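**Student:** Provided below are the primary sequence and the corresponding predicted coordinates.
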Amino acid sequence: MKESHFLEFLQHFVKHTKCSKEKPVLLLLDNHGSHLSIQGLDFCKVNGITVLSFPPHCSHRLQPLDVSVYGPLKKLVNRACDSWMTTHPGSTMTIYDIPNVVSTAFPLAVTPHNILAGFRAAGISPFNRDIFQDSDFLGAYVTDRPEEDQQETQVFQASEINVQPATNCLDGNDTPRPSTSGLCGKKAPTPEELRPLPKAGPRKGSGMNRRKRSSAILTDTPVKKALEKISKEKCTRQKEPYFQKQRRSNQRNQNVFMVTRKVQMKRTVSVWYAWNLFPKANHKKCGYSV
């Protein structure tokens, strides 16, 4: 999706919501680059649209489509593909068959019930600020990478843990009593200490150098001015390498022309010396007219 497509969507959005400055609306979006279009944000501000961006890495919980629509749509599309394969045995599905498959699954998944359920599950409408707990956004153990200054977690080997054999613990009167633990008051080692799960390695950079963003009102004046400044800097960086590349290309072409010219001059001088120094008899043998 590009910035021009986002502007077309906003025009469609205004047409169907009938929003204006007297009847403002709230539009929730993620921080995709196309949503940061200055032209699109200006259009939103004129038509009374307040654009609020999601926090990073939360779209799977906050976007209604991700919560309640895309999951059923994926299952129904897979079911439609299975039906197509059964109906067309021995045939290979091509891109020309996909629209027909999706057209049967789309009306069953994108229903008013599923759409409203997505807004309700995300806590948007009706608004519920306590619908999520901190445990919902905890990182997985394997991919939860430690901080750089944090020391590595100590790994316990089975031989390093002092585990006593299972014996009956005796009280002061030396009366035997049943024991459910062979550690006699010592803390039992956990499975994580005995055999910890492997940790994921350090995250590799994608090379795209994306700017990390947080939740913000994009149509707010300070935020919008900051986006305009970033957009101008981006345009400047894009234009400068082009002129430098063109300059290098012109210089390279000029160097090639000079080298070619020197080679041609050397060949001309060599032919002139050969013609004047060799005897004319050799010219006749070579087929040249004297």
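**Tutor:** Cool, got the structure.
**Student:** low-confidence ranges in the stretch 101-250 of the chain?
**Tutor:** By pLDDT under 70, the low-scoring segments of the stretch 101-250 of the chain are 141, 145-186, 205-211, 237-250.
**Student:** for it, what spans make up the helices?
**Tutor:** 112-121, 191-194, 221-277 (DSSP state H, counting those that start in this stretch).
**Student:** in stretch 191-207, which residues are buried?
**Tutor:** Within stretch 191-207, the residues that count as buried by 16 or more other CB atoms under 10 Å are residue 193. The C-beta positions use only the backbone N, C-alpha and C, and glycine is treated the same way.
**Student:** could you chop this protein up by domain?
**Tutor:** Using automatic domain parsing, the domain ranges for the chain come out as 3-135+213-238, 146-199.
**Student:** which of those domains sits most buried?
**Tutor:** Comparing those by mean neighbour count (mean count of other CB atoms under 10 Å), domain 3-135+213-238 comes out on top with a mean of 14.
**Student:** which residue packs closest to residue 17, ignoring adjacent ones?
**Tutor:** Sequence neighbours aside, residue 25 is the residue nearest to residue 17 in space, at 5.6 Å (criterion: CB to CB, 6 or more residues apart in numbering).
**Student:** separation between residue 28 and residue 213?
**Tutor:** Residue 28 is 15 Å from residue 213, where distance means CB to CB, to the nearest Å.
**Student:** quick check, residue 84 in contact with residue 97.
**Tutor:** Yes. Applying CB atoms under 8 Å, one finds residue 84 in contact with residue 97, separated by 6.7 Å.
**Student:** list the contacts of the residue nearest to residue 17.
**Tutor:** By CB atoms under 8 Å, 6 or more residues apart in numbering, the residues touching residue 25 are 17, 19, 48-50.
**Student:** can you pick out the most distant pair from those?
**Tutor:** Greatest spatial distance among those (CB to CB): 17 and 50, at 12.4 Å.
**Student:** now, the contacts of residue 25 that are in helices?
**Tutor:** With DSSP state H as the criterion, helices contain residue 17 from among the contacts of residue 25.
**Student:** helix, strand or coil for residue 90?
**Tutor:** coil (DSSP: H, G, I helix; E, B strand; the rest coil).
**Student:** oh, I was asking about residue 27
**Tutor:** strand.
**Student:** now, among the contacts of residue 25, which is nearest to residue 7?
**Tutor:** The closest of these to residue 7 turns out to be residue 49 (CB to CB; 12.1 Å).
**Student:** hang on, the closest one packs against residue 28?
**Tutor:** No. Residue 49 is beyond contact range of residue 28, at 11.0 Å (criterion: CB under 8 Å).
**Student:** neighbours of the closest residue to residue 32 other than its chain neighbours, just the number please.
**Tutor:** Nearest residue to residue 32, sequence neighbours excluded (CB to CB, 6+ apart): residue 1, at 6.9 Å. For residue 1, the neighbour count with other CB atoms under 10 Å is 10.
**Student:** surely residue 1 meets residue 37?
**Tutor:** No. Contact criterion CB under 8 Å: residue 1 and residue 37 do not qualify, at 10.4 Å.
**Student:** strands along this protein, start to end?
**Tutor:** With DSSP state E as the criterion, the chain has strands at 25-29, 49-53.
**Student:** any chance of TSV for these, columns distance to residue 227 and mean pLDDT?
**Tutor:** Shown next, in TSV, are the strands of the chain (distance: least, CB to CB, whole Å; pLDDT from 0 to 100):
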stretch	distance to residue 227	mean pLDDT
strand 25-29	13	92
strand 49-53	11	92
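**Student:** return the residues in contact with the residue nearest to residue 68 when sequence neighbours are not counted.
**Tutor:** Once flanking residues are discounted, residue 68 sits nearest to residue 118: 3.6 Å by CB to CB, 6+ apart. Residue 118 makes contact with 63-69 under the criterion CB under 8 Å, 6+ apart.
**Student:** what's the closest of the strands of the chain to residue 74?
**Tutor:** For the strands of the chain, the distance to residue 74 is smallest for strand 25-29, at 22.3 Å, taking CB to CB.
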